[in-house]
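# Starting from these lines, generate the structure:
(3 chains)
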Amino acid sequence: MSKVLIDLKNISKSFDGQMVLDDLNLYIRENEFLTLLGPSGCGKTTTLRILGGFETPDKGCVIFDGKDITSLPPNKRQLNTVFQRYALFTHMTIAENIAFGLKIKNKSKTYIDDKIKYALKLVNLDGFERRMPDSLSGGQQQRIAIARAIVNEPKVLLLDEPLGALDLKLRQDMQYELIRLKNELGITFIYVTHDQEEALTMSDTIVVMNQGYIQQIGSPEKIYNEPENAFVADFIGDSNIISSTMIEDKLVEILGTRFPCVDTGFGKNKPVDVVIRPEDVILSRPGTGKIKGTVTHLIFKGVHYEMEVAAAGFEWLVHSTGMFPVGTEVDIDVDPFNIQIMNKPASEDEEAAGINE
Amino acid sequence: MNKKALLKKKLLGTPYFIWSAIFILVPLGMVFYYGLTDRTGSFTLENVLAISTPEHAKALGIALLLSLIATLICLLLAYPLAMILCGQKNGRQSFIVLIFILPMWMNFLLRTLAWQTLLEKTGVINSILNFLHLPSLNIINTPYAIVLGMVYNFLPFMVLPIYNALSKIDGNVINAARDLGANPIQVFMKITLPLSIPGIISGITMVFIPALTTFVISKLLGGSKILLIGNVIEEEFTQASNWHLGSGLSIVLMLFIIVNMLLTAIFDKDGEGSFL
Amino acid sequence: MKKTILQKLYITLIFIFLYAPITTLIVLSFNASKTRAKWGGFTLKWYGALFQNRDILQALFNTLLIALIASVVSTIIGTVACIAIMSLKKRSRAIVMGVTNIPMLNAEIVTGISLMLLFISFGLRFGLGTILLSHITFCIPYVILSVMPRMRQMNPYTYEAALDLGAGPVYGFFKVVFPDILPGVLSGFLMAFTMSLDDFIITHFTKGAGVDTLSTKIYTEVKKGIKPEMYALSTIIFLTVLVLLLFINRVPAEKDLKK
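Numbers count the residues shown, from 1 in each chain, chains lettered A, B, ... in the order given. Take a look at the predicted model:
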C-alpha cells in the first residue's frame, strides 16, 4: 500500500450553530481515487472545502504530507480544485485561464506556453487557446477547468461534483476520461458526488457520508456487497431492507422464515436489519423456495425485468432475467452469502453516527 | 408563431414608438435645430462655438473639473462599500441596500439645502468642531461644497451598479483564483476588479453626467458666485431667453454624453452593470 | 474580527454622511425659531400650520397627482411596448432600445429644454399637462428596463402552452405572462413613481407660471427662505415611506420564519 498523504484528524465544523461535520477522521493515500459520497447536506462538500482551504475547521487538524496545513490559505496549498459549475474566468481566454496559476508562480513564457499546449492535448481540446469560456459547451468548459487545475502539477486534485451539470451521456464519457487522466497524471483524486453510480465506476475508495458522519469506508465492491448499515444499503443501489431477528450465528429469521446466512457475532435472538439486493432474490415455482408470494408489478428494464413480489407482508424488489407475469404465484429464496446482516440503530442519532460495533 | 400573431404583437408597440418619436427624438432634433441656427433661422455654428468664449469655457472647465473630482470620490467611497455589502448575509444585504435608496424619498432640493445648515459658519458641523477645539470648516459657497453636494446626491448611483456587478461574481471563481495560488491582492486585481468593470463604468456614467450638467447643486451650495455650464444654459433659457445660444451649449454638453455612452457600450456589452 | 469592526465603522460613517442632512431636516421641522440658523425650542406648530397652507397643499396635490398618473400611464405603455419589442428582430430591437436609453443617459437639463422647445413650437399651454407629458416620457424607460429582463427570463413556451390549451391571446397574457412579469412591472411602477415624485429639473423647464410641484415650490422659496411647514411635510413623507418600507421588508422575513 502506498503511503498516507492526507490525514484529517477529529475535524468538526458547524455553520450558524448547525453541526455539519462531527469529529471526522479520514486518511487518504497517495495516488488514490477517493470519493466522498452522500446526499446533499451530508458534509462532503464541507470536507472538500476544508481540504482546499476555503473553510477552517472549528476543531481538529489537516495533515498534508506530514505537515499541519489546517490554517494555511488556499493559495499556499499544494492541491488544486475543479469547482462545481467550473468557475472559469469569463473575462479571460482559455489560454489565460490555464496560465493563471503559472503566471502567479512567475513561470517563464515558454514554460507556460508548453504547459497550455500539453494540458489542452490532455483534455482533447487542442487549438482552443484563444476561445472565450462562454463560447464553449458545458463539457468543454469542464475539461478546461480540469486543465487549469492540473497544469499546476498539484499532488492532489479536488473535484467538487464536476459532472453534475452535464447530461447523462456526457457524464458517462467524462467518467472514463477522468479515470484515464488520473492514471496518466499519477496523482491523488478526491472526488465529491451524490451520484452512487459515478462513485462505484471511478473510485478506488468510497467514503459514504450522512449528516456529518462517515457511514462506511471501503472499496466499491465492499460498499455495494457488504453495506454496514441501512443508510449505506439504501443509498447505494436498490435494496430490500427488512427488519429481522438473528436467531444464532449463521441463522436469521426473516419475516417468520429461517434462512441460513454466513454472518456471526451478532448474539442470539437479536433484532437486526437484513439487506438483500434485488438481483440476489431468487424466484421459482411454488413449492421450491422458502417464502410464498405473488408478483404485483412487472417492468422490462432492458438487461433484466424488475418485479415487485408481495410475500409475507413485504414488497420485495426483484431483478431477474426470468419473467413472471403479474399475478403469478412464486416462491422466494436467497443464497446464504447474499444475506447481509446489519445491527439495528438504537436511536436516530446513532443512525446518523453510523455506529456499528 | 404565425405571421399574423407576430404582426399583432408588433402593433402593440405602436403607442410607445409614436410616443418616443414625438417626445424623445423630435425634441432632440429641435435642440440641434435651435443650436445650429440664429434668430433669423439661418445656419450658424456660432452658438456651438460660443463655448470657447472665456466666460463659457470657464464654466465648462469648472464643471468638468468638479464633476470629475466628485466622480472619483464617489468611486473611491463606493467600491469598498459595495464590497462590504456583498460580504453581508442575504437578509441584511437587502436591508442595507434599502438604506442607500431611502434618502431619495426626501426631496432632493431639501436634502441639498440641509447641507447649508450643516456647513454654515455657525452650523452644526462647526459647532461640533468648536466643541472639540478643532479648527472650523468654512467651505460653504466654495467649490468644495459643490463637490460635497455632488458626492452626497450621486453616491447611491455609484454604489448600486458596482454592488450589482460584484454580487454577480460567482464565489467559486474567487475561490478558483485563490486555489490556483493568487493572494488576496492578486485575486482583487486579476479577478474581482476586471469582472466589476461593467458596474464601475455604469456607475461613472450615472454620476458623471448629472454632476457635469447640474445647475441646482451649484446654485444651492456654491452661492451665486460659481457658475457651472449647467447654470449658464439654465439662465439662457429662463432669464436671457436666448434659446439658440442655450441649445448650442447643450449640443456641446451632449458631445460629452455621447462619448460617455460610447465608452459604456464598449465596456458593458450586456448591460450587466445596469442600475436596475 | 478586526476586519469586521473596520467594515462596520466604514458603513456607519457613510450612513452618517447620508442621513445627517435628513436628520437636520427632521430636527428643523420641530424648531420653534423661523430661521434655520437658530434653535428656538421644540414645537409642533409647523405641522399644524402645514394643513392651513393652501400653497403647499396644492403643490403636494399636484406632485402626487402627476406622479400617480405618470407612473400608471408609463407602466401601461411601457409594459405593452415590451411585448412588441420582444417580437422585433435583433436590429430593430437594438434601435428601439437605444432610443429608450436616451432619456436615462442624457442630461436631465437637456431633456428638460428639449421638451420645453417642443411644447413651445406645438403652441401648448404650459401647465399640469406639459409636466405630465414630460414625466411620462422619462418614466417609460424605467418601466421598460425593469420589465424587459423579466420578459427575457420567461419561458416562451408557457404562453404557447396556454394557447395550446385553448386560451385566447388576451386571456393567455393575463393568466400566464402577466403573473410572471408582475414583479418587474411593479418595480417599474415604483421606480417611475419615485422618479416623478423627486424630479425637479425637467419639471422646472416644462411647468407653467402658477403651477407648482413640491420641488419647484421649494426652488422658488430658496431665495426667500424655506417655510418651516415644508420641513414638516417632508418629514411626514419620509417617515411614511420609511414605515412602509420597513413593513414591506418585514413581510417576507416573517414568511421565511413560518417555513
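
# just to confirm, which helix or strand has the closest residue to chain B within chain C in it?
Taking CB to the nearest CB as the measure, the point where chain C comes nearest chain B is residue C:84, at 2.6 Å. Bear in mind the C-beta positions are built from the backbone N, C-alpha and C, glycine included. Residue C:84 is part of helix C:54-86, with elements assigned from DSSP states H and E.

# Name the residues of that helix that are buried.
Buried residues in helix C:54-86, counted by 16 or more other CB atoms under 10 Å in any protein chain shown: C:56, C:59-60, C:62-64, C:66-67, C:70-71, C:73-86.

# now swap in stretch A:28-44 and tell me
The neighbour-count check on stretch A:28-44 (16+ other CB under 10 Å) flags A:28, A:30-38, A:42-44 as buried.

# Quick check: end-to-end length of that stretch?
Using CA to CA, to the nearest Å, the span of stretch A:28-44 from its first residue to its last is 14 Å.

# Please look at residue A:329 and residue A:292 and confirm they touch.
Yes - counting by CB atoms under 8 Å, residue A:292 is a contact partner of residue A:329 at 7.0 Å.

# Please name the nearest non-neighbouring residue to the residue of chain C closest to chain B.
The spatially closest residue to residue C:84, leaving aside those adjacent along the chain, is residue B:13, at 2.6 Å (CB to CB, 6 or more residues apart in numbering or on different chains).

# Next up, the contacts around residue B:112.
Shown in contact with residue B:112 (CB atoms under 8 Å, 6 or more residues apart in numbering or on different chains): B:149, B:152, B:153, B:216, B:217, B:220, B:221, C:21.

# Okay, now the unreliable bits of chain C?
In the predicted model, chain C carries pLDDT under 70 at residues C:1-2, C:36-37, C:250-259.

# Quick one: residues contacting the residue positioned nearest the centre of it.
When chain C is reduced to its mean C-alpha position, the closest residue under CA atoms, centre = their mean turns out to be residue C:194, at 1.3 Å. Residues touching residue C:194, when contacts are defined by CB under 8 Å, 6+ apart, comprise B:104, B:105.

# Would you mind measuring from it to residue B:49?
As judged by CB to CB, to the nearest Å, residue C:194 and residue B:49 stand 40 Å apart.

# Kindly report the same for residue B:182.
Taken as CB to CB, the spacing of residue B:182 relative to residue B:49 amounts to 52 Å.

# Count residues in the vicinity of residue 213, would you?
Answering for chain A, as no chain was given. As a burial measure, residue A:213 scores 23 neighbours (other CB atoms under 10 Å in any protein chain shown).

# my bad, chain C
Neighbours of residue C:213 using other CB under 10 Å come to 29.

# again, but for the one 5 residues further on
The local packing of residue C:218 (other CB under 10 Å) involves 24 other residues.

# Just the pLDDT for residue A:103.
With respect to pLDDT, residue A:103 scores 92.

# Spatially, and excluding backbone neighbours, which residue is closest to it.
residue A:112 (6.8 Å).

# What strand or helix carries the one you found?
The secondary structure element spanning residue A:112 is helix A:109-122 (assigned by DSSP H and E).

# Any buried residues in that helix, and which?
Per 16+ other CB under 10 Å, helix A:109-122 contains these buried residues: A:112, A:115, A:116, A:119, A:120, A:122.

# near chain B, which residues of the stretch 51-200 of chain A show up?
Contact residues of the stretch 51-200 of chain A with respect to chain B, defined by CB under 8 Å from any CB of the partner chain, are listed as A:52-54, A:73-77, A:80-81, A:83-85, A:87-91, A:100-101, A:104-105, A:145, A:148-149, A:152.

# Is it possible to mark the buried ones in these?
By the neighbour-count criterion of 16+ other CB under 10 Å, those include these buried positions: A:52-54, A:74-75, A:77, A:80-81, A:83-85, A:87-89, A:91, A:100-101, A:104, A:145, A:148-149, A:152.

# need the helices for the stretch 51-200 of chain C, in chain order.
When secondary structure is read from DSSP state H, counting those that start in this stretch, the stretch 51-200 of chain C shows helices at C:54-86, C:90-105, C:108-122, C:128-153, C:156-164, C:169-172, C:178-198.

# The stretch 151-276 of chain B now?
With helices called from DSSP H, counting those that start in this stretch, the stretch 151-276 of chain B shows them at B:171-179, B:184-187, B:193-213, B:216-221, B:229-238, B:243-267.

# Touching, residue B:115 and residue B:148? I think so.
Yes - counting by CB under 8 Å, residue B:115 does reach residue B:148; the two are 6.7 Å apart.
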